[in-house]
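Kindly return the folded structure for what I paste below:
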Amino acid sequence: MTIMVFWVDPNEDGAPFCAEFGENLLTQALECTEQRRKEGMTHVCISSQQSNSVGQPGVASIENGKTPDGHAYEWSKAHRAGAARRGRKT
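Residues are numbered from 1 along each chain as shown. Below you'll find the model as predicted:
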């Protein structure tokens, strides 16, 4: 798998460009990103798809409390954040 750095060159009529790095070359990818920004490039970003990532890629939904591969999903923002405080004056 790879790490990709994408950017748009405003001097080339907004043409998009990219550079590819091996999955163990994050430092070099970050340096490339920093250099493109210093050069005035726009929309500079990094995208990666690591081969040793945890879980199935592309989970798009939770149905009946389970992820697409059948694992239980119990996380809840409301549960983690606590009850909303209504009518509280500051």
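
Might you list the low-confidence residue ranges for the chain?
The chain contains residues with pLDDT under 70 at 50, 53-60, 77-90.

ok, 80 please
1, 50-61, 68-69, 74-90 (pLDDT under 80).

Would you map the helices across the protein?
26-38, 77-81 (DSSP state H).

any idea which of these is most buried?
By mean neighbour count, with neighbours taken as mean count of other C-beta atoms under 10 Å, helix 26-38 ranks first of the helices of the chain at a mean of 15. In this view, the C-beta of every residue, glycine as well, is placed from N, C-alpha and C.

Please list the outside residues in contact with it.
Residues outside helix 26-38 that contact it (C-beta atoms under 8 Å, 6 or more residues apart in numbering): 3, 5, 7, 19, 21, 44-46, 48.

Extract the CA atoms of that helix and return them as CSV.
What follows is helix 26-38, C-alpha atoms only, in CSV (Å, rounded to 0.1, in the frame of the first residue of the first chain):
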residue,chain,number,x,y,z
LEU,A,26,5.5,8.9,6.2
THR,A,27,8.3,11.3,7.1
GLN,A,28,9.2,11.9,3.5
ALA,A,29,5.5,12.3,2.5
LEU,A,30,5.2,14.9,5.3
GLU,A,31,8.3,16.7,4.0
CYS,A,32,6.9,16.7,0.5
THR,A,33,3.6,18.2,1.8
GLU,A,34,5.4,20.9,3.6
GLN,A,35,7.6,21.7,0.6
ARG,A,36,4.5,21.9,-1.8
ARG,A,37,2.8,24.4,0.7
LYS,A,38,6.0,26.5,0.8
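
Could you export the helices of the chain as TSV, including distance to G14?
Output for those, formatted as TSV (distance: least, C-beta to C-beta, whole Å):
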stretch	distance to G14
helix 26-38	14
helix 77-81	38
